[in-house]
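Asker: following is a predicted model, sequence given first.
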Amino acid sequence: MGVVRHVVCAMSGGVDSSVAALLLKKRGYHVTGIFMKNWDSLDERGVCTSERDCDDAYKVCRVLDIPFHQVSYVKEYWHEVFSNLLGEYQKGRTPNPDIICNKHIKFKHFYQYAVSSLGADAMATGHYARTSLEDEEVFQQTHTPAPRPLFRDRLEIRNPVRLYQGADRLKDQTFFLSQISQDALRQTIFPLAGLTKDFVKKIAAEAGFHHILKKKESMGICFIGERHFEDFILEYLEPKPGHFVSIEDGKIMGKHNGWFTFTLGQRARIGGQKDPWFVVDKDITTGDIFVGPTTNHPALLRDTVQTNRFHWITEEPPAELIRTQMMDCHFRFLHQMPLCPCTVTLNLDGSVWITAERPLRALTPGQFAVLYKGDECLGSGKIVRLGPKTIRPRGFNREGFSEAVFSRAGVCCDASGGKWSGRLTAEGLEQASLCTEAKFKRVLESSPGLKELSLGSESPQEQAARSRFMLITL
């Protein structure tokens, strides 16, 4: 008789994790259901939602006749997820706590608890995703990673585990898993990888999980619940009153309680205004929130973002990107938005520039840009800088590059004749900001006279900088 593998399944009290546990048991594994308590609060009716979810998870485990217990990560969640969230809002960004929670709580603390404290052979979740490993291969992985030197051995033969989209593309949740570690992914099973949501609900109904089928599917930020976001966030951050300012003419349209209560693209409900206005920009220095009169206002459209140091699921960038510093793939920055073709440029500090094939609405600092190559989720990086707006105010050329930016790069414009002259240097590139060579070529093509720009004698460092980067507005 073979060894019965022990799998710890994360139980949320919902349909997906419940069916995941059921499928694991049907495969003959010894399954333990664990409920994680990450937040401690009451809903509007005075009922602790986590206790209700925990009770639902317990009922499922009792039906399945598997062990069940609860672990608390309230302290860890506060310090590693929620405090980070508050800090991001104060910087004017819009964070994604679900991605951060998976990275720090479920696929770090919970993973370590499952394999180290409980001695599990693997952990499992109800995510709609799959990996490059079959179950038996997962069990062959070790949860004790070898110490990693500062620099990887170039001769080392590596076979990283890859993360792929689930069969149900509408429910695919690789977006939320794009920051998890290679070590955790190696020992994770996704039982719902090949299933659709409708089929999962059918399995739950046949198993008698009627109490969870009646529940609403969780949407939005879990700890906010049905409360209004502004009311919730003002419980933790001091109000910072400011003005709504029209991006059209600079007119003050109304007042708000803090820039962190709004995100780009959101409708701004301004007292006394009958027509809808939408947030197009924020200035955390003055406290002003700039608004436009249409949902697809040109000031909301951009095609370029820069991330912080990119997290690659396989721990290293794709070979193509390492070799050429540029790669074509797809990306998204919202869970269910269609994948958008893009070009990625790798920077020396590990960050990337992502240039979309077309302008996108409300690209937002703080959100995660998640890259895909075919079915594979490559990883993600937090958006920390936006490229130029597609709107072209007076004084901008056809690519949306301002005269002021070219001036910072050591390039001048003769406004009367539209001629550009000067010497483009590595220092100028650095001062004016950086992006991809491909778009810089488009700047050359779209700006009369710029082709005649004298580049002068360049040092090797300047040549490298000019060949790898382009100018964008700050």
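Answerer: Alright, I've got the coordinates.
Asker: tell me the secondary structure at Met253.
Answerer: Under DSSP: H, G, I helix; E, B strand; the rest coil, Met253 falls in the strand class.
Asker: show me where the stretch 101-250 of the chain has strands.
Answerer: 122-124, 129-131, 163-165, 188-189, 242-246 (DSSP state E, counting those that start in this stretch).
Asker: mind listing what's buried in the third one?
Answerer: Translated: strand 163-165. Buried residues in strand 163-165, counted by 16 or more other Cβ atoms under 10 Å: Leu163, Tyr164, Gln165. C-betas here are computed from N, CA, C, even on glycine.
Asker: now do that strand, average pLDDT.
Answerer: Taken as a whole, strand 163-165 has a mean pLDDT of 97.
Asker: which of the buried residues of strand 163-165 lies closest to Ile289?
Answerer: For the buried residues of strand 163-165, the residue nearest Ile289 by Cβ to Cβ is Gln165; the value is 36.1 Å.
Asker: give me the beta-bridge partners of the closest one?
Answerer: Gln165 has the following beta-bridge partners by DSSP bridges: Ala129.
Asker: in this structure it contacts Gly374, no?
Answerer: No. Counting by Cβ atoms under 8 Å, Gly374 is not a contact partner of Gln165; they are 9.0 Å apart.
Asker: you'd agree Leu195 is up against Asp172?
Answerer: No. Assessed by Cβ under 8 Å, Leu195 is found out of contact with Asp172, at 11.8 Å.
Asker: mind listing the shared neighbours of the two?
Answerer: Here Leu195 and Asp172 share the contacting residues Tyr128, Gly166, scored by Cβ atoms under 8 Å, 6 or more residues apart in numbering.
Asker: which residues touch stretch 56-74?
Answerer: Contact with stretch 56-74 is made by 11-14, 17-18, 21-22, 25, 31-40, 54, 105, 109-110, 113, 207-209, 211-212, 215, as judged by Cβ under 8 Å, 6+ apart.
Asker: end to end, how far does it reach?
Answerer: 20 Å (Cα to Cα, to the nearest Å).
Asker: for Lys197, which non-adjacent residue is closest in space?
Answerer: Lys171 (4.8 Å; Cβ to Cβ, 6 or more residues apart in numbering).
Asker: repeat that for Ala10.
Answerer: In this structure, Ala10 finds its nearest non-sequential neighbour in Thr125, 4.8 Å apart by Cβ to Cβ, 6+ apart.
Asker: now stretch 171-181 - C-alpha only, PDB.
Answerer: Once non-C-alpha atoms are left out, stretch 171-181 reads as follows in PDB (Å, rounded to 0.1, in the frame of the first residue of the first chain):
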ATOM      1  CA  LYS A 171     -12.400  33.200 -13.400                       C
ATOM      2  CA  ASP A 172      -8.700  32.900 -13.900                       C
ATOM      3  CA  GLN A 173      -6.900  34.100 -10.700                       C
ATOM      4  CA  THR A 174      -3.300  34.100 -11.700                       C
ATOM      5  CA  PHE A 175      -3.500  37.900 -11.500                       C
ATOM      6  CA  PHE A 176      -3.800  37.600  -7.700                       C
ATOM      7  CA  LEU A 177      -1.000  35.000  -7.600                       C
ATOM      8  CA  SER A 178       1.500  37.000  -9.600                       C
ATOM      9  CA  GLN A 179       3.700  37.900  -6.500                       C
ATOM     10  CA  ILE A 180       4.000  34.500  -4.800                       C
ATOM     11  CA  SER A 181       7.300  32.900  -4.300                       C
END
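Asker: what are the buried residues along it?
Answerer: For stretch 171-181, the neighbour count (16+ other Cβ under 10 Å) marks Lys171, Asp172, Gln173, Thr174, Phe175, Phe176, Leu177, Ser178, Gln179, Ile180 as buried.
Asker: ditto for stretch 323-334
Answerer: Buried positions in stretch 323-334, judged by neighbour count with 16+ other Cβ under 10 Å: Gln325, Met326, Met327, Cys329, His330, Phe331, Arg332, Phe333.
Asker: partners of the fourth one in the sheet?
Answerer: Think Cys329. With DSSP bridges as the rule, Cys329 is bridged to Cys342.
Asker: tell me, how many residues neighbour Gly374?
Answerer: 9 (other Cβ atoms under 10 Å).
Asker: where's it relative to Pro191, distance?
Answerer: As judged by Cβ to Cβ, to the nearest Å, Gly374 and Pro191 stand 23 Å apart.
Asker: quick one: the helices in the stretch 101-250 of the chain, in order.
Answerer: Assigned helices in the stretch 101-250 of the chain, in chain order: 111-112, 135-139, 182-186, 197-207, 210-213, 229-233 (criterion: DSSP state H, counting those that start in this stretch).
Asker: and of the ones you listed, who's closest to Thr314?
Answerer: Thr314 sits nearest to helix 182-186 of all the helices of the stretch 101-250 of the chain, at 6.7 Å, using Cβ to Cβ.
Asker: how far does the closest one sit from the chain's center?
Answerer: Per Cα atoms, centre = their mean, to the nearest Å, the displacement of helix 182-186 from the mean C-alpha position of its chain is 19 Å.
Asker: rewinding a little: would you turn the buried residues of stretch 171-181 into a markdown table with pLDDT and distance to Glu80?
Answerer: Below are the buried residues of stretch 171-181 laid out as a markdown table (pLDDT from 0 to 100; distance: Cβ to Cβ, whole Å):
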| residue | pLDDT | distance to Glu80 |
| --- | --- | --- |
| Lys171 | 94 | 27 |
| Asp172 | 96 | 26 |
| Gln173 | 96 | 21 |
| Thr174 | 98 | 22 |
| Phe175 | 98 | 20 |
| Phe176 | 97 | 16 |
| Leu177 | 98 | 17 |
| Ser178 | 98 | 17 |
| Gln179 | 98 | 12 |
| Ile180 | 97 | 14 |
